[in-house]
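[1] dropping the sequence and predicted coords here.
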Amino acid sequence: MSNFRSRPNDQYIHEADWQQLYVLTEHWKSDLSFYEDDLKFLRNLIDKYFMWISEKENIDMVREIEVSLLNIEKQCGSLAYRVNKHPHHLAELIDNPFAYDSHKFRAEHQQLEDDIATFVKDFRSNRKEVFTVTDYLMDTEQFVKQVVEDK
């Protein structure tokens, strides 16, 4: 898969000024807010089709997707919490450079970025799986309903 980082490669995190890192953090906040909304949409999509499912193997398939979706939601929530705390660490560093280590902050920033990139990969994979399963369910359950109606 491609690289989902929001910054140029090389030594950007170690060379960027505080304002650039702050802007990048605000970009992450916006992205995570979008992902949270998209996760709500996916949950509603699953809930909507779940009540129409009649076959046990389809119910089991949807349960697996729901568990996977819950894990992604937890991952998103954890990242949102960490990203929301991140500007406070930056403010501490700017206000009192001796109270918070700049190397520690930059390492934390890089770790956050790596974790967000992993989350985006997981999210996209999960989203694709949700759409694949709902498409399959629509096809199979439609077929089952038509066979029952034709009898």
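    Structure's in. What do you need?
[2] stretch 107-121: which residues count as buried?
    Going by neighbour count (16 or more other CB atoms under 10 Å), the buried part of stretch 107-121 is 108-109, 112-113, 116-117, 119-120. (C-beta placed from N, C-alpha, C; glycine too.)
[3] wait, Phe123 touches Leu79, no?
    No. With contact defined as CB atoms under 8 Å, Phe123 does not reach Leu79; the gap is 10.3 Å.
[4] can you report how many residues neighbour Asp101?
    12 (other CB atoms under 10 Å).
[5] apologies, that question was intended for Leu137.
    Counted with other CB under 10 Å, Leu137 comes out at 21.
[6] okay, and it sits in which element?
    helix 102-150 (DSSP states H and E).
[7] what are the contacting residues of stretch 50-65?
    Stretch 50-65 is contacted by residues 46, 49, 129-130, 133, 136-137, 140-141, 144 when judged by CB atoms under 8 Å, 6 or more residues apart in numbering.
[8] tell me what the helix holding Leu137 is packed against?
    Judged by 3 or more CB pairs under 8 Å, 6 or more residues apart in numbering; DSSP states H and E, helix 102-150 is in contact with helix 12-15, helix 18-50, helix 56-95.
[9] and it, how far out from the chain middle?
    Offset of helix 102-150 from its chain centre (CA atoms, centre = their mean, to the nearest Å): 8 Å.
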